[in-house]
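Engineer: predicted model follows, preceded by the sequence.
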Amino acid sequence: MDKISIVGLVLGIGTIVLGQVLEGGHIGSLFQPTALLIVIGGTLGAVMLQSPLSTFMDGMRMVRWVFVPPPISPKGVIDQITKWSHLSRKEGLLALEGQIAALRDPFSRKGLQLLIDGAEPDRLREVLEVDIGTYEAQLKLSAKIWESAGGYAPTIGILGAVMGLIHVMENLSDPSKLGAGIAVAFVATIYGVGSANLIFLPVAKKLLANIERLVGVREMMLDGLVGIANGENPRIIESRLQGYFG
């Protein structure tokens, strides 16, 4: 559980609500269902319009990484590569064939199989770099739907504000309806700007940071496999891989 994400979300929203109270305002005035519907519905529609269904769904599922980051174990990968390096140095590359069955990660399985099949180091790097590039591009495309939401939300909030003001202008002769229209106008702007800067954009940045770590682990795996293919000393390989994450 990423506790700092929870603390940050609560702190960001909580201070705004607290500020409203300290200024003498009522908390209830910040809750306008109509403004919320306009901003969230409009932003969601815009994001769905720009994205393929698969990318949109992947981005929605990926949001859990903000609070529960994907399991990343650089030390586990280093230990695994070091083990393979020692084994191949003692018994040859074919001795690694028995290790494939225990691997669940498709990238690791593919890399190890290429190594066992005797792929040249340059060819091994070339093939796996394509896999890494595709993997990174797909993840970033999904994560960026949140960045897009952060761009659309303030504009949708302004649309909500304009709609509220139109409602006010239409009811100038009926003072009892003016308050609701003005409230929707201002609160819609708050929802648009607030959701973009407190939720959507921070979520996008957090997801991209997690993606960088996932890609880093794959690059580390690639480096180790190429080192084994080159017949490097296991200690040298281990020492170099330890530099990836400090």
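Structural biologist: Now that the structure is in, tell me what you want to look at.
Engineer: didn't residue 165 look like it was pressed against residue 186?
Structural biologist: No - with contact defined as Cβ atoms under 8 Å, residue 165 does not reach residue 186; the gap is 9.6 Å. Using the backbone N, CA and C atoms, a C-beta is placed for each residue, glycine as well.
Engineer: those two: which has the busier surroundings?
Structural biologist: The residue with more neighbours, out of residue 165 and residue 186, is residue 186; 18 against 15, by other Cβ atoms under 10 Å.
Engineer: my guess is the more buried one meets residue 160, correct?
Structural biologist: No - counting by Cβ under 8 Å, residue 186 does not reach residue 160; the two are 9.6 Å apart.
Engineer: and the helices in this structure?
Structural biologist: Using DSSP state H, the helices found in the chain span residues 3-22, 33-50, 53-62, 74-91, 106-116, 121-170, 178-195, 201-229, 234-241.
Engineer: what lies in contact with the last one?
Structural biologist: Which is helix 234-241. 74, 77-78, 81-82, 85-86, 89, 220, 223-224, 227-228 (Cβ atoms under 8 Å, 6 or more residues apart in numbering).
Engineer: quick one: which two of the residues you listed are the most distant?
Structural biologist: 74 and 89 (22.2 Å; Cβ to Cβ).
Engineer: burial count for residue 117?
Structural biologist: 11.
Engineer: no no, residue 150
Structural biologist: 22.
Engineer: ok, it to residue 195 distance?
Structural biologist: 8 Å (Cβ to Cβ, to the nearest Å).
Engineer: report the contact partners of the spatially most central residue of the chain.
Structural biologist: With distances taken as Cα atoms, centre = their mean, residue 207 lies nearest the centre of the chain, 1.8 Å away. Taking Cβ under 8 Å, 6+ apart, we find residue 207 in contact with 62-63, 65-66, 143, 146.
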